[in-house]
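> sequence isn't available, so here's the structure alone:
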Ligand code: SF4
Ligand code: SF4
């Protein structure tokens with residue numbers, strides 16, 4: 001009886017070992033979902049909608065689009081943004097707000113995207129930079145505007161050229177036109193005098209008729 005139990009146990013062990021090996025071989029050849037991070041750091045890709053870190057894009061001339069309006073700071077529910085600005089006088093004598101420092105505290109950010117939505121200039125966005133772990137907490141506060149950067153200038157509207165002045169008339173033509181105009185004025189005055197004379201005659205006739213009566 002003991003010998004029979006031993007042989008049954010042996011076969012059961014071999015069977016379960018086979019099942020385990022079969023599962024291992026099957027999983028070995030399957031597609032793996034696990035990312036081999038950090039070995040695959042360079043080939044890692046993320047969804048476009050991921051929000052890892054706020055950034056302020058600058059162009060090749062070290063210019064950004066921020067006008068320091070502060071709307072993003074007001075929209076932030078966690079006080080993660082601090083906009084420091086100053087008033088400057090432009091070349092044409094106008095007063096204008098200028099960004100001095102744009103501070104972003106990723107340690108307080110909850111990645112709600114409200115700041116990006118509130119910005120009227122599309123000056124900020126979230127990037128795919130996810131390696132933001134630091135040992136020093138103060139390094140979680142970042143300055144997003146680069147040193148020496150400034151707001152990109154809007155192109156000034158082109159001024160429409162003034163219409164050209166009409167060409168001057170020749171002196172002889174001007175003299176002739178003046179003579180004609182004077183002649184027309186004299187004719188009109190003569191007509192008025194004739195009409196006045198006729199009216200006087202008519203009045204005189206009427207008064208004589210009344211006397212005869
Ligand atoms: S994503 Fe939300 S919490 Fe983070 S800075 Fe923007 S508004 Fe504030
Ligand atoms: S990032 Fe946008 S909303 Fe924030 S201060 Fe600059 S222009 Fe205004």
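Thanks, I have it. No experiment lies behind these values; they were computed from the predicted model shown. Numbering: from 1, shown residues only. Ligands and ions are numbered 1, 2, ... in the order given.

> quick check: longest strand of the protein.
As assigned by DSSP state E, the longest strand anywhere in the chain is strand 95-105.

> touching ligand 1 at all, the next helix or strand after it?
The helix or strand immediately downstream of strand 95-105 is helix 114-118, counting by DSSP states H and E. Yes. Applying C-beta under 6 Å from any ligand atom, one finds helix 114-118 touching ligand 1 at 114, 115. The C-beta positions use only the backbone N, C-alpha and C, and glycine is treated the same way.

> quick one: contacts of helix 114-118?
The contact list for helix 114-118 (C-beta atoms under 8 Å, 6 or more residues apart in numbering) reads 54, 71-77, 80-81, 124-126.

> need the residues you listed in JSON lines (columns: secondary structure, neighbour count and distance to ligand 2).
Output for the contacts of helix 114-118, formatted as JSON lines (DSSP: H, G, I helix; E, B strand; the rest coil; neighbours: other C-beta atoms under 10 Å; distance: C-beta to the nearest ligand atom, whole Å):
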{"residue": "54", "secondary structure": "strand", "neighbour count": "24", "distance to ligand 2": "9"}
{"residue": "71", "secondary structure": "helix", "neighbour count": "16", "distance to ligand 2": "4"}
{"residue": "72", "secondary structure": "helix", "neighbour count": "24", "distance to ligand 2": "3"}
{"residue": "73", "secondary structure": "helix", "neighbour count": "18", "distance to ligand 2": "7"}
{"residue": "74", "secondary structure": "helix", "neighbour count": "12", "distance to ligand 2": "8"}
{"residue": "75", "secondary structure": "helix", "neighbour count": "16", "distance to ligand 2": "8"}
{"residue": "76", "secondary structure": "coil", "neighbour count": "20", "distance to ligand 2": "9"}
{"residue": "77", "secondary structure": "coil", "neighbour count": "9", "distance to ligand 2": "15"}
{"residue": "80", "secondary structure": "coil", "neighbour count": "22", "distance to ligand 2": "12"}
{"residue": "81", "secondary structure": "strand", "neighbour count": "21", "distance to ligand 2": "7"}
{"residue": "124", "secondary structure": "coil", "neighbour count": "21", "distance to ligand 2": "5"}
{"residue": "125", "secondary structure": "strand", "neighbour count": "14", "distance to ligand 2": "10"}
{"residue": "126", "secondary structure": "strand", "neighbour count": "17", "distance to ligand 2": "13"}
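
> among those residues, name the ones that also lie close to ligand 1.
With C-beta under 6 Å from any ligand atom as the criterion, those include 54, 75, 76, 80, 81 near ligand 1.

> and the two most separated of the residues you listed?
Distance extremes for those: the farthest pair is 54 and 75 at 12.4 Å, using C-beta to C-beta.

> check which helix or strand residue 142 maps to.
strand 141-143.

> pLDDT weak spots in the protein?
1, 165-167, 203, 206-213 (pLDDT under 70).
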